[in-house]
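Visitor: Generate a structure from the sequence data that follows.
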Amino acid sequence: MFEMRPYRRNSMSTWNPFSEMEEMERRLFNNDFFSGRGLAEFKTDITDEGDYYELKADLPGFKKEDIQLQLDGDTRTVTIKRTPETIAWDADYGIRLEQDRTYPILGTYNEYIDVCIGELSASFHPVVYLLTKDGVVEYVDVLRCLMFGNALVCQDPIYIANNGVALERSGSEVNLRRADGSVLELAPLTAEWNGQEIPSEAVGAFNDMGDNQFDWMDVESNGIVQMGVQDNNVFYQGFADYLGVVPEGMVLGISASETEDGMQGITFVVAVKYDLFNETLNLTMIDGENPFKEGATQLQMIRCPDY
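Guide: Numbering: from 1, shown residues only. Have a look, this model is predicted:
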């Protein structure tokens, strides 16, 4: 569900909200960007909700009982329904959805003219695609993000998916319709973008010697992660994926397996920002427990001098 709430009531007798809503609907769904999409499939509805007017539009070609997308001013969310497809995530990926759940989307900063939800593979692997007003595609790989926690992050723009005017469903996948009439398949590009190396600013060996204990983390560009926590008494090995960017820094999803001595594996999402002048890595927890300092949402680590 694509949903916007930009208009609120006031006491001005000369203000006609319905004429403005009609104009907004005309701009959104009858402009050149949407020509050729077959907008008979794009059902819209305006509802008086008391203190605001709500514009809703169905996303064509998508089973609304599975996932809903909401764009409400600066608030962007994805609601995932508990269905047989999402229940299967528990056995396949360890993602348990006990009930319908709404997740905020982090890292969306642009104005979007089109949205569409597709899948990456034969199994239920939903991806939210967003087309910016500049014609570039951004996306949120829902399943990939949920494998690290409860944070959905908008990935970097697919810069080569540009000059776009509309997003179109093709079976379970999504294509980009370009201004020159050509069509670009987005699924292969999404898989390629998901395979990006860890950005160089977050690569290296870092340590924290605060609170009279020594903790450390080593991140390689290929995503391999090693961590020594609890004063270097617990050793974790795992991997990291680059998920996108938020104001606090580059977002990494990190997952480490159970240790050899039986300590439970850990999974968390963290934003990292490297301070070149001080050679420190600032960590801000987004989801999950801080493995280095229980309960802390922020941590500063120092780059090891011999790296």
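
Visitor: from here on, contacts and neighbour counts on C-alpha atoms
Guide: Fine.

Visitor: Is Glu201 part of a helix or strand, or is it coil?
Guide: helix (DSSP: H, G, I helix; E, B strand; the rest coil).

Visitor: Quick one: residues contacting it.
Guide: 273-274 (CA atoms under 8 Å, 6 or more residues apart in numbering).

Visitor: now do 7 Å
Guide: Glu201 is in contact with Tyr274, counting by CA atoms under 7 Å, 6 or more residues apart in numbering.

Visitor: and the longest strand for this structure?
Guide: As assigned by DSSP state E, the longest strand anywhere in the chain is strand 234-246.

Visitor: and that strand, what does it pack onto?
Guide: strand 224-229, strand 249-256 (3 or more CA pairs under 7 Å, 6 or more residues apart in numbering; DSSP states H and E).

Visitor: can you list those in JSON lines and add distance to Glu119?
Guide: Formatted as JSON lines, the helices and strands packed on strand 234-246 follow (distance: least, CA to CA, whole Å):
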{"stretch": "strand 224-229", "distance to Glu119": "27"}
{"stretch": "strand 249-256", "distance to Glu119": "21"}
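
Visitor: Pick the most buried one from those.
Guide: Most buried of the helices and strands packed on strand 234-246 by mean neighbour count (mean count of other CA atoms under 10 Å) is strand 249-256; its value is a mean of 23.

Visitor: what residues does that one touch?
Guide: Contacts for strand 249-256 (CA under 7 Å, 6+ apart): 148, 236-245, 265-273.

Visitor: For Leu167, give the beta-bridge partners.
Guide: Leu176 (DSSP bridges).

Visitor: Just confirm it contacts Arg178, I think it does.
Guide: No - Leu167 is beyond contact range of Arg178, at 9.0 Å (criterion: CA atoms under 7 Å).

Visitor: Give the residue from these two that has the larger number of neighbours.
Guide: Taking neighbours as other CA atoms under 10 Å, Leu167 and Arg178 compare with Leu167 leading, 26 against 18.

Visitor: Spit out the contact partners of that one.
Guide: 114-116, 174-177.

Visitor: Can you tell me which of those is nearest Lys81?
Guide: Cys116 (17.1 Å; CA to CA).

Visitor: give the contact list for the nearest residue to the closest one once chain neighbours are set aside.
Guide: Setting aside the residues directly before and after it, Cys116 is nearest to Tyr129 in space (CA to CA, 6 or more residues apart in numbering), at 5.3 Å. By CA under 7 Å, 6+ apart, the residues touching Tyr129 are 115-117, 137-140.

Visitor: how much space is there between Tyr129 and Ile87?
Guide: In this view, Tyr129 and Ile87 are 23 Å apart by CA to CA, to the nearest Å.

Visitor: same question, Ser121
Guide: Counting by CA to CA, the gap from Ser121 to Ile87 is 17 Å.

Visitor: looking at this, Ala88 is in a strand?
Guide: No - counting by three-state DSSP, Ala88 falls outside a strand, being helix.

Visitor: Tell me where the protein is predicted with low confidence.
Guide: Within the chain, the segments meeting pLDDT under 70 span 1-65, 73, 122, 211, 306-307.

Visitor: can you list the domains in it?
Guide: Per automatic domain parsing, the structural domains of the chain span 2-194, 200-303.

Visitor: out of the ones you listed, deepest packed?
Guide: The highest mean neighbour count among the domains of the chain, using mean count of other CA under 10 Å, belongs to domain 200-303: a mean of 18.

Visitor: Pairing partners for the longest strand of the chain, with directions?
Guide: For strand 234-246, pairing defined by DSSP bridges yields strand 224-229 (antiparallel), strand 249-256 (antiparallel).

Visitor: Please identify which of the ones you listed is closest to Cys304.
Guide: Per CA to CA, nearest to Cys304 of those: strand 224-229, 13.6 Å.

Visitor: contacting residues around the closest one?
Guide: Applying CA under 7 Å, 6+ apart, the set of residues contacting strand 224-229 is 215-219, 234-240, 291-292.

Visitor: and if we set it to 6 Å?
Guide: Under the criterion CA atoms under 6 Å, 6 or more residues apart in numbering, residues 215-219, 234-239, 292 lie in contact with strand 224-229.

Visitor: so after the strand or helix carrying Cys145, what's the next helix or strand?
Guide: Using DSSP states H and E, Cys145 falls within helix 142-146. For helix 142-146, the succeeding helix or strand toward the C-terminus, using DSSP H and E, is strand 152-153.
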